[in-house]
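Enquirer: just need the structure, nothing else, for what follows:
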Amino acid sequence: MTYEYEIISVGPKKSVKVYEDGIEIYHGDSSFTASEDVLIQEAIIALQDTYPGVVNMTLKGAEEEEEEEEEETTEEEIPVQTAPQEPKAQPEPAHDPVYRAEDFDRSRPSSNAPSQQESEGSTKGRIWNVFKPIITLDELSIKKDEGNSDTNNLEDVISVSYPFIKINDYVFGIDEIEFMTIDSRNFLPTISLTVVFSNDLFISKNFPKDGDIISIMIRNKTDLLNPIRNDYVITGVTQPLKSTLENETTTMTFFGELFIPGLKSYLRSAAYLGTSMEALKEAAKILEIGFNTNEDNTDDLQIWYSTGIAMEFLKDITSKAWKDDNSFFDCWIDVYYNLNFVNIQKELLADESKIDMAALLNNTDSEFDYGIDTDVTSQTAKVFSNFIGLRSSSNYITKWKPDNKASAITFEYGTTSSLAFFEHQNTLFSDPEGQKYWKFEVPPKYDPDKLDSYILLRGRSTYDPAINTDQMARANYNYTDLYTRSPWFGIQYTIANPDNPNLEWTGNHHSNYMRAQLHNLVNLIELEKLNIEIKVQGTNTNFIKGEKIPVVIIKTDAVEVQMIYPDLDQSEEIDFFYSGWYIIKGFKLEWAKTDNILSNFSQTFVLTRREWPPPEKIKAAESLIENNPIE
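Expert: Purely as a prediction, here's the structure:
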């Protein structure tokens, strides 16, 4: 049976045939075929995710492939979720004078980005886009020679091989760029760029002044993923002294941060009546950036006052955001100009029984692709691994390392924190028995299903001579009692009557105003204790900051395997302590001038989690590979 669908999208129309054993999608003159084990209903969902430009999908009809009588079918409309626009919408004419944020779908750099409606009720804890940025960027294009019949923009071709970069009117060639890093590990993405000049043309005519911009574009090897198109305001330039006696090359390094007009400015005094999430949405609209989240709303109604720098206002609101005891929040701005407000606990507790699909990206330099067609894309499991079968893809881990700061964080923040504050409220003063001084413990939250079998980073394990017979004796210290903190948070002016109009309120703090600050802090700092960094070759924007993904690290040295797992008679084994599910804390995207067949791009991802499996073979680790069906 073949089902044919007509898709009306923001970009060109596409036709789709859904078979009983898979789907085939026709995009222009090329096609994309799903794996044969995809069921029809799953294929429809995958189709909606894969083509976020879809705004309507209509069933045209069904035809029998075998010799059967054709049955008349009535046209019916299949509901499709509201989704971001087409990942690659080329401006027409070929060189639009201004690249606006809506020219590229900055909502999710992933081909399987869900809409908000699809994510509701999902156990995957997905981050979705609420609204898109409208910020205006500088023009970044190259004029074609007259008579050039190539329909592709030159900047699209260049930005697959190396970062297409412009400062003022100077476009950097591949021979001038030595090294480039986009760092998206903190609140705001930053850039560092090292270039070498053979003459003084740039220094004399285009050297940056106050407020000048590094415009950059990096395109993926598939049109299903959004390009990175950023403007970074230059915050510093370094170079060695230049000789006046002889001609020599000049090496220069530029530093910048993602430019969002007004982000580091006092915009105006403002008051937002609503929840923290609603206030952040309004602030994002003023800054003309988009908004991503994995929550419907928070439970912290009050008036939020903006009296200082916009960026500090965003961070301050997030630190005081509250939904419930099993939620904590973080925020950041991504490379797609979206303010992300994410319930990290929801991501950490997200379903681990299914693995998503992603676009398969090879890590070969485009020079060796012999005219790669970015319209044709295969699928792969959304997982990082050093499994040899992934060697030619950007999912393959080339290098990795652990990063441990657990004890340093314990010494600074303690293992046990108690909140102390004074609550000021009219009703408390009229009630002599009402409690005004508060002090109670605010512990970090963990996955209750992992408490009995996983390692928590709250001091070293207890030595028991009856159990640890093969170990030397060691002193036992209870870290939860030894390292305690009890910070004083001041006065909380709690709203006594939040159901009344705000002009009748007594107080203006939501009931968990002080608690939220310590609750968010102790839970976020728990994710700083032990991380791993993994490096992949090529660009892979299937993976975004804040989402939960699986990692499989395989020990391939037979001698090492026997040392770690002496009871196993095999040459390869999974590293059970470091494999498993992680949250992506951030990434660095780098380009370095090298001469090899692999891509000059590389990405380093910082991954974190709270509960760590024992460094031995257990069922929980085995199930990551054996019992994880692909979604």
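
Enquirer: quick one: low-confidence residue ranges for this protein.
Expert: The chain contains residues with pLDDT under 70 at 1-125, 143-156, 267, 365-376, 427-432, 616-631.

Enquirer: helix/strand/coil for the residue nearest to the spatial centre of it?
Expert: Closest to where the C-alpha atoms of the chain average out (C-alpha atoms, centre = their mean) is residue 545, at 1.7 Å. Following DSSP: H, G, I helix; E, B strand; the rest coil, residue 545 is assigned to coil.

Enquirer: repeat for residue 280
Expert: Relying on three-state DSSP, one would call residue 280 helix.

Enquirer: that one against residue 318, yeah?
Expert: Yes. Under the criterion of C-beta atoms under 8 Å, residue 280 makes contact with residue 318 at 7.2 Å. The way it works is simple: take the backbone N, C-alpha and C, and place the C-beta from them, glycine included.

Enquirer: neighbour-wise, which of those two wins?
Expert: Shown here are residue 280 and residue 318; by other C-beta atoms under 10 Å, residue 280 has more neighbours (26 against 22).

Enquirer: tell me how far the more buried one lies from residue 514.
Expert: 20 Å (C-beta to C-beta, to the nearest Å).

Enquirer: likewise residue 319?
Expert: Counting by C-beta to C-beta, the separation of residue 319 from residue 514 is 11 Å.

Enquirer: kindly report the same for residue 551.
Expert: On the measure of C-beta to C-beta, residue 551 and residue 514 end up 37 Å apart.

Enquirer: who touches residue 545 in this structure?
Expert: For residue 545, the contacting residues are 184, 332, 334, 340, 584, 585, 586, 587, by C-beta atoms under 8 Å, 6 or more residues apart in numbering.

Enquirer: ok, the closest residue to residue 426 other than its chain neighbours - how many residues close by?
Expert: Among residues not flanking residue 426 along the chain, residue 506 sits closest, at 4.8 Å (C-beta to C-beta, 6 or more residues apart in numbering). Look at residue 506: counted by other C-beta under 10 Å, it has 14 neighbours.

Enquirer: list the contacts for residue 506?
Expert: By C-beta under 8 Å, 6+ apart, residue 506 lies in contact with 425, 426, 427, 495, 496, 497.

Enquirer: does it belong to a helix, a strand or coil?
Expert: coil.

Enquirer: on that earlier part again, for the contacts of residue 545, which one is nearest residue 274?
Expert: Lowest distance from residue 274 to these (C-beta to C-beta) belongs to residue 340, with 18.9 Å.

Enquirer: which SSE is immediately downstream of the helix or strand containing the closest one?
Expert: According to DSSP states H and E, residue 340 maps onto strand 338-343. Where DSSP H and E defines the elements, the next helix or strand beyond strand 338-343 is helix 344-348.

Enquirer: for the helix or strand following that next one, packing partners?
Expert: Using DSSP H and E, the helix or strand that follows helix 344-348 towards the C-terminus is strand 357-359. Contacts defined by 3 or more C-beta pairs under 8 Å, 6 or more residues apart in numbering; DSSP states H and E place strand 357-359 against strand 379-381.

Enquirer: quick one: the strands in the stretch 451-600 of the chain?
Expert: In the stretch 451-600 of the chain, the strands defined using DSSP state E, counting those that start in this stretch lie at 455-456, 484-485, 488-493, 530-537, 548-552, 554-555, 573-574, 580-592.

Enquirer: contacting residues around residue 395?
Expert: Taking C-beta under 8 Å, 6+ apart as the test, what residue 395 contacts is 358, 360, 361, 380, 381, 382, 383, 384, 385, 536, 540.

Enquirer: apply 10 Å and report the result again.
Expert: Residues in contact with residue 395, defined by C-beta atoms under 10 Å, 6 or more residues apart in numbering, are 358, 360-361, 363, 380-387, 389, 536, 538, 540, 542-543.

Enquirer: next one: residue 554
Expert: Contact partners of residue 554, counting by C-beta under 10 Å, 6+ apart, are 385, 386, 387, 388, 397, 561, 572, 573, 574, 575, 579, 625.

Enquirer: of the residues you listed, just say which sits nearest to residue 449.
Expert: The closest of the contacts of residue 554 to residue 449 turns out to be residue 579 (C-beta to C-beta; 17.7 Å).

Enquirer: the closest one and residue 553 touch, don't they?
Expert: Yes. Counting by C-beta atoms under 10 Å, residue 579 touches residue 553, with 5.2 Å between them.

Enquirer: give me the common contacts of the two.
Expert: Shared contacts of residue 579 and residue 553, defined by C-beta under 10 Å, 6+ apart, are found at 384, 385.
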